[in-house]
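> Mind folding the following:
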Amino acid sequence: MVAYSPLNGVDWIESWQETAKSSISAMIPAIVRKLESSKDELQALMTAAEEAAAQRQREWEEAHERYLREEDQRRVEQAMSESQKQLSDIMDRWAAAMSIERFFRDAERRIEDVESQRLAQPKMERLALARTMLGTMDPLNYLEGWLAPEERYKSKYS
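Sure thing, here's the model as predicted:
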């Protein structure tokens, strides 16, 4: 006969073996005494197992919270990096747009300096055609699509 604790974390087991000299029925009073005397030991083992399980749960929760905070911080930093990169790209596009705008203004001024209207008109038409081909070059349009870090990701902890 075997008595044991089925509770996870509680290692307690007692066994009795029937032999030719002693039967299980003869052992019953001793088995009952052993089980009754083991009550306090079992209770202590169960309490210790429950406390250990609670401690493991707390440690897991703390580790999980640390992970969540670290992941949150990583996402905040990623949002900042992506926002800075996008803004840098916008600034590069802005510089290119301003360079193109200066090109067209300088070209228009030079065409206006041409003495003959007959020579200037075809050049102005070509310049207008070039502007049309490039489309809108308003640098302010670029800023409308920019996302600030907080628009990309809002921290759950700050």
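> Every contact and neighbour count from this point should use C-alpha atoms.
Fine.
> the bottom helix or strand of the protein by mean pLDDT?
Lowest by mean pLDDT, DSSP states H and E among the helices and strands of the chain is helix 139-144, with a mean of 82.
> can you pull the buried residues of it?
The neighbour-count check on helix 139-144 (16 or more other C-alpha atoms under 10 Å) flags 139, 142 as buried.
> So which elements touch the very next helix or strand once past it?
Next helix or strand after helix 139-144 toward the C-terminus (DSSP states H and E): helix 149-152. Under the contact criterion of 3 or more C-alpha pairs under 8 Å, 6 or more residues apart in numbering; DSSP states H and E, helix 149-152 touches helix 39-113.
> Now do the contacts for the nearest residue to residue 13 once chain neighbours are set aside.
Excluding its sequence neighbours, the residue lying closest to residue 13 (C-alpha to C-alpha, 6 or more residues apart in numbering) is residue 4, at 4.2 Å. Neighbouring residues of residue 4 by C-alpha atoms under 8 Å, 6 or more residues apart in numbering: 11, 12, 13, 14.
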